[in-house]
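Asker: Curious how this folds, go ahead:
(chains A and B)
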There are 2 protein chains.
Amino acid sequence: MIKARVTVTLKNGVLDPQGKAIEGALSALDFSGVGSVRQGKVFDIEVEGSDREAAEADIKAMCEKLLANTVIENYQVEIG
Amino acid sequence: MIKARVTVTLKNGVLDPQGKAIEGALSALDFSGVGSVRQGKVFDIEVEGSDREAAEADIKAMCEKLLANTVIENYQVEIG
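Answerer: Next up, the predicted model:
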């Protein structure tokens, strides 16, 4: 069993209204000095087998097909 | 300017319908051998100043108050 973590974040320049809302909420809660907030997604995936390279290739294919919208998002795969 | 990444994940035992939906979608796309999928959130936060310890304490307070629901979620802060 291989555990992997996929992190999907918005590309630079893509508007992030959710992040902006969090910035507003943090300043309403009196947290000062917060610059920008960008929100992304994380997926913890368990893959059967023990071939780390095959698992990484599989997970990259999952990102391309389903987990990330590569027009506006970057993804990063860490095999744990 | 300090950059931090906050990762918020569901605690073990908390149901994750979104993760289950992703499992179903992956198997519909013919990815075999996928065990469990759990989805979480990631926040990339920029904080002004250069005191890493103060920034970490601030960000933990943000997690407790706003970013994570500590009843059902764990959070992890990495100062970059």
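
Asker: Which phi and psi values does the residue of chain A positioned farthest from its centre adopt?
Answerer: Using CA atoms, centre = their mean, the residue of chain A lying farthest from its centre is A:Asp30. It sits 27.4 Å away. Here is the backbone geometry of A:Asp30 (degrees, to the nearest 10): phi 70, psi 20.

Asker: need the contact list for A:Ile22.
Answerer: Contacts here follow CB atoms under 8 Å, 6 or more residues apart in numbering or on different chains; on that basis A:Ile22 touches A:Val37, A:Gln39, B:Phe43, B:Leu66, B:Leu67. In this view, the C-beta of every residue, glycine as well, is placed from N, C-alpha and C.

Asker: doesn't A:Gly24 make contact with the first one?
Answerer: Pointing back at A:Val37 there. No - assessed by CB atoms under 8 Å, A:Val37 is found out of contact with A:Gly24, at 9.4 Å.

Asker: For those two, work out which one has more neighbours and name it.
Answerer: The neighbour count for A:Val37 versus A:Gly24, taken as other CB atoms under 10 Å in any protein chain shown, is higher for A:Val37 (23 against 11).

Asker: Quickly list what that one is bridged to.
Answerer: With DSSP bridges as the criterion, A:Val37 is bridged to B:Ile45.

Asker: hang on, the earlier thing: next up, the contacts around the residue farthest from the centre of chain A.
Answerer: Contacts of A:Asp30 (CB under 8 Å, 6+ apart): none.

Asker: quick revisit: tell me which of the contacts of A:Ile22 fall in strands.
Answerer: Per DSSP state E, strands hold the following members of the contacts of A:Ile22: A:Val37, A:Gln39, B:Phe43.
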